[in-house]
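Visitor: For reference, the sequence and a predicted model appear below.
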Amino acid sequence: MQRLIAEGFLRFDYRKVDLVVEGLDRLIDEPVVFAMNHTDNFNYWPLQYRLHQEGRYTATWVKGKNYERRASRVFMLTTNNLPVASRGYVITRDFLGVTGRRPTADEYRVLRDAVDGAPLEPDAVPRAVLERERDMLGRRFRPHRETYPEAVERLMNLFHRRFVELNQRAVGLGLSLLVFPQGSRSIRLSRGHIGVAELALHLDLPIVPVGCSGGDRIYPGTSLFAKPGRVVYRIGEPMRDWGSLAPKEPYAPFTRAAEVAHRDRFQGVVDRVMDAIDDLVDEPYKYGADRASDGTVGTNRFV
């Protein structure tokens, strides 16, 4: 499907795009994890198109909300995209299913803090969220047997095991992984999340930083068609030697145990990757003063 889209659509659509990819000679002949900044909905498409011309293909990490509409779900499934299961998505989607609305910022924070181990404030959220038996995104939640935080964490463990399996399968097929460590779209580079480090270290894959400059100008909205313009990708040196940052013992990626034991190490790896991306992008895509995202905030990130 990636080949079909590249040759049947992008080859013609990109005739009006000045697509520049620097550093292709740095790629090694094995699957890697491409870690790239995420400025817009489609800034990975031009890179995938250029990789297609080199006979290389990717499986891309995307948010679970991209699977909620039928058309986008079919597209995601047929073009090798892997849905990232986040606790924020589970909390927000389940809350919406129970109450018919998104949680407020305060309600979300109460539930997220409880899932992360803080005492639960039951009067701060609708009782039905905590007490109604239901299907919670494919797993049965029985409040008389487990608490809400326990249910969310057990569901996350199921999701994460499956997510790791899908990544292993993709790599086994010879695909590279394409990850946006920032999580949400942002023009300015922001601090990365630790997931890319957890997976890359677990699978012993090199991380290749990629800086994208100009993607937001050719894809300023939600249209699949690119506008005329110039987009530049700079591919950095593969990163694999993490020294003391690499955990010495095996771990299960994305589990609470792994994050408690190794979060600082994972964050150290991601910080090095994000610094490398910062060196590869132009203004105005570099870090802001506080390294915070200038993109979507709140529960709109999840649903």
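Guide: The structure has been received and is ready for your questions. Just so it is clear, the model here is predicted, and its values are computed rather than measured.
Visitor: From here on, just use CA atoms for contacts and neighbour counts.
Guide: OK.
Visitor: What segments of this structure are strands?
Guide: Listed in chain order, the strands found in the chain under DSSP state E are 17-22, 33-36, 58-63, 81-84, 134-136, 139-141, 176-179, 207-213, 229-235.
Visitor: So what touches the third one?
Guide: By Cα atoms under 8 Å, 6 or more residues apart in numbering, the residues outside strand 58-63 that reach it are 48, 79-85, 170, 175-180, 302.
Visitor: again, only this time at 7 Å
Guide: Applying Cα atoms under 7 Å, 6 or more residues apart in numbering, the contact partners of strand 58-63 are N80, N81, L82, P83, V84, A170, L175, S176, L177, L178, V179.
Visitor: try the first one
Guide: Taking contacts as Cα under 7 Å, 6+ apart, the residues outside strand 17-22 that touch it are P228, G229, R230, V231, V232, Y233, R234, I235.
Visitor: Just the buried ones out of those residues, please.
Guide: Buried by 16 or more other Cα atoms under 10 Å: G229, V231, V232, Y233, R234, I235, out of the contacts of strand 17-22.
Visitor: Switch the residues you listed over to a markdown table; also include distance to G211 and pLDDT.
Guide: Formatted as a markdown table, these follow (distance: Cα to Cα, whole Å; pLDDT from 0 to 100):
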| residue | distance to G211 | pLDDT |
| --- | --- | --- |
| G229 | 17 | 97 |
| V231 | 10 | 98 |
| V232 | 8 | 98 |
| Y233 | 6 | 98 |
| R234 | 5 | 98 |
| I235 | 7 | 98 |
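Visitor: Kindly reformat these as CSV containing distance to D294.
Guide: Formatted as CSV, those follow (distance: Cα to Cα, whole Å):
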residue, distance to D294
G229, 23
V231, 20
V232, 21
Y233, 21
R234, 22
I235, 24
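Visitor: got any ranges where this protein has weak pLDDT?
Guide: Within the chain, the stretches with pLDDT under 70 are 296-300, 302-303.
Visitor: Could I get the full set of helices for it?
Guide: 2-5, 11-13, 45-53, 70-78, 87-99, 105-115, 127-131, 148-172, 195-203, 215-218, 256-280 (DSSP state H).
Visitor: What residues sit buried inside the shortest one?
Guide: Neighbour counts using 16+ other Cα under 10 Å place D13 of helix 11-13 among the buried residues.
Visitor: Packing partners of that helix?
Guide: For helix 11-13, not one helix or strand is in contact under the criterion 3 or more Cα pairs under 7 Å, 6 or more residues apart in numbering; DSSP states H and E.
Visitor: Kindly report the same for the last one.
Guide: Identification of packing neighbours for helix 256-280 by 3+ Cα pairs under 7 Å, 6+ apart yields helix 195-203, strand 207-213.
Visitor: what residues does the longest one touch?
Guide: For helix 195-203, the external contacting residues (Cα under 7 Å, 6+ apart) are V33, V179, P181, P206, I207, P253, F254, F266, V269, V270.
Visitor: Please name the bridge partners of the fifth one.
Guide: Spelled out, it's I207. Beta-bridge partners recorded for I207 (DSSP bridges): V33, M239.
Visitor: pretty sure it contacts E237?
Guide: No. Counting by Cα atoms under 7 Å, I207 stays clear of E237, with 8.7 Å between them.
Visitor: And these two? Which one has more around it.
Guide: For I207 versus E237, neighbours defined as other Cα atoms under 10 Å are more numerous around I207 (27 against 18).
Visitor: Which residues are in contact with that one?
Guide: Counting by Cα under 7 Å, 6+ apart, I207 has contacts V32, V33, F34, A35, A200, P238, M239, R240.
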